[in-house]
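Colleague: pasting a predicted model and its sequence here:
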Amino acid sequence: MASVEANSKMADNTSFAASADAPSASSGPRNNKSADGDRGQNNSKHGDRGKGKDRGNDKPWKKRKGGSGFGSKKQDVPDKREQVHNNRAAKRRRVIDGEADGNSYMSIPFSSEEIAAEERRPKRKVAVLIGYAGTGYHGIQINHKDKTIEGDIFAAFVAAGAISKANADDPKKSSLVRCARTDKGVHAAGNVLSLKLIIEDDKIVDKINEHLPEQIRVWAIQRTNNAFSCYQACDSRWYEYLMPSYALLPPQPRSFLGKKIAESAKAKGVYDEYLGRLDDVRDFWDEVEKNDMQPILDRLDPDVRAEVLRRLHDSADQQELDEEGQPEKAGEAAVENADGEMKDPAVVAEQPKAEGGDDAVVAGAQQPRPAGTDAAAAPAGAAAAKPAREFTPVELAVREIKAAYVAAKRRYRVAPARLDKLQRALDLYLGTHNFHNYTVLKSASDPSAKRHIKSFEVNRTPIPIRDTEWLSIKIHGQSFMMHQIRKMVALSVMVVRCGAPLDLITESYGPRRISIPKAPGLGLMLERPVFAEYNKRAAGLGKDAIDFAKYEDKISKFKDEHIYRRMFEVEEKENSFHLFFNQVDNFQTDYFLWVTAGGLEASHERSDRGGERVPRGLEAELGDDADGVEEVGT
């Protein structure tokens, strides 16, 4: 398709001849000033200042004479606007050549001849209502280096003629702004982009969708006033988080965290109180040992059984960190997939991989390939299949026991009393609080760390999907920072599953910096943004209200087919939630010991945004792999 071909070309210098305000080197997910996208578009209120003078955008383009000093030589030099234009184009060129290996996902070049031959058509400021399944994408925010939702949508705009060839090399020329940012793998049933598009064609929505994969849809394009910014006009946002109910099970007693919780409770004299908070799940693991594990062990030869028990009871599953912060036994306990997620080989080895690897679930995604890496160019059979490895009886038994362990978790069905505890934990987030511990690059003294949560509720009716029971949690807030929702879910779940006091949530708003893991992005979905105040003014402006309810039938079908289905299939295939909690429970570190009876004082206190080196083995769980990312437009 045209969008694929255009977006896969290497940007050349001729394409920058027509460029305007180019993004900086950090214009991708690391520093996109998206909230400023519409600044400077509504400057008419300043139009009467200094009448009779050329000011601001009214100043004509012209060459000015330079070198007026003694002995200087007069010469033509570019005026200030042209200098800025040239500098930004050169900077974008350096980013593409230096960081993106000569290829870009946000710059589609056309030749000077193609641009000159194109008919000039008027652009209009619009709101674009979209939905997408984030699986296989590096979040929504467009950047040079990674495959993103906006990257595909921008290419589709160009291919459908909604963005001119002259503006295809830089999304900032069209004033592209997103209402809410979503991280890698996160979904959205409803999100909004605001920008300037060519929308004369009545079929423009259909044409754009023809150039998009099925997992990305444009629901509508609506005219707005010229000053509209979807980020600034959004009043609040609704999210949904789905997770298996087994996430509320306590840590396995032999895990590092399970041992520390019991030891601390006994040392503090609160062991009976701790057991009381576990109530219905207190005996869960004893029953699994008796009914699921022991039958497997009983049929093993004595020598094999002894070795299996040694592997199960020693530190084979304990993620002890070496001096480099890496799990010393990561090769036995976990492997890393293409997206940086950890997988347990004993669980997933039996599961066949989709043809084409991890990206098979995003079949049809129209994204450029770096030059020379076209899959079609690879000779058939180039990658020879590795011969199947022979497993020893001990390895086979360990694999069988671990698979039984996961199956037992999936059979768990949550009791109403446990849901009540989760709801009481979620209630503590309501109102305005300092969430500096729930994101990156925020200190306790940063005013922007304060956010307001309107509602946070778990659906009391679990959803059975195949052999797993799922819980739906919905949150409504004014705005959210990077990782905030995933860390809020993780902390509330950790408090419930570990039998910790609910006061931990209140303490997390204090100045002490604590380490909170971020729950898997797989379960998070942006339900819809809310534009209540803008919609009140829209009628007076002669514009339609931004209301996703108009497209509810299409959106509901899309969620079922592309979002929920992907969540359930990925979890069933990769055991994402099991592996997340297994990693957190088994890292031999004091980072998460705030769930013990020792409270915050028992856990490692990290320095306040200093140069502290976080163990690499914990980066994925903590979200610190995103350090350096400025969160704008969430």
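Modeller: That came through fine.

Colleague: C-alpha only now, for contacts and for neighbours.
Modeller: OK.

Colleague: what segments of the stretch 101-250 of the chain are strands?
Modeller: 124-132, 177-178, 187-197, 216-223, 236-244 (DSSP state E, counting those that start in this stretch).

Colleague: any idea which of those strands is most buried?
Modeller: Most buried of the strands of the stretch 101-250 of the chain, by mean neighbour count (mean count of other Cα atoms under 10 Å): strand 177-178, with a mean of 28.

Colleague: and that one, what other elements does it pack with?
Modeller: Judged by 3 or more Cα pairs under 8 Å, 6 or more residues apart in numbering; DSSP states H and E, the packing partners of strand 177-178 are strand 187-197, helix 230-233.

Colleague: and the strands in the protein, which stretches?
Modeller: 64-66, 75-77, 124-132, 177-178, 187-197, 216-223, 236-244, 335-336, 342-343, 431-434, 450-458, 463-465, 468-477, 524-530 (DSSP state E).

Colleague: for these, which one sits closest to Lys268?
Modeller: strand 431-434 (29.5 Å; Cα to Cα).

Colleague: what sits up against that closest one?
Modeller: Ala444, Ala449, Lys450, Arg451, His452, Ile453, Lys454, Tyr509, Gly510 (Cα atoms under 8 Å, 6 or more residues apart in numbering).

Colleague: CA atoms only for it - export them in PDB, please.
Modeller: Only the C-alpha atoms of strand 431-434 are listed here, as PDB (Å, rounded to 0.1, in the frame of the first residue of the first chain):
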ATOM      1  CA  GLY A 431      -9.800  12.300  46.000                       C
ATOM      2  CA  THR A 432      -6.600  14.400  45.400                       C
ATOM      3  CA  HIS A 433      -3.300  12.900  46.500                       C
ATOM      4  CA  ASN A 434       0.400  13.100  45.900                       C
END
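
Colleague: quick check: buried residues in that strand?
Modeller: Using 16 or more other Cα atoms under 10 Å as the test for burial, strand 431-434 gives His433, Asn434.

Colleague: repeat that for stretch 108-121.
Modeller: Residues of stretch 108-121 classed as buried by neighbour count (16+ other Cα under 10 Å): Ile108, Pro109, Phe110, Ser111, Ile115.

Colleague: same question, stretch 264-273
Modeller: Buried residues in stretch 264-273, defined by neighbour count with 16+ other Cα under 10 Å: Ser264, Ala265, Tyr271.

Colleague: looking at these, which is nearest Ile153?
Modeller: Nearest member of the buried residues of stretch 264-273 to Ile153, counting by Cα to Cα, is Ser264, at 52.2 Å.

Colleague: so how far is Trp285 from the closest one?
Modeller: Here Ser264 is placed at a distance of 19 Å from Trp285 (Cα to Cα, to the nearest Å).

Colleague: and if you look at Asp292?
Modeller: 10 Å.

Colleague: neighbour count winner among these two?
Modeller: Legend: neighbour count by other Cα atoms under 10 Å for Asp292 and Trp285, higher for Trp285 (20 against 17).

Colleague: count the neighbours of the closest residue to the more buried one other than its chain neighbours for me.
Modeller: Nearest non-adjacent residue to Trp285, counting by Cα to Cα, 6 or more residues apart in numbering: Gln252, 6.7 Å away. A count of nearby residues for Gln252, using other Cα under 10 Å, gives 16.
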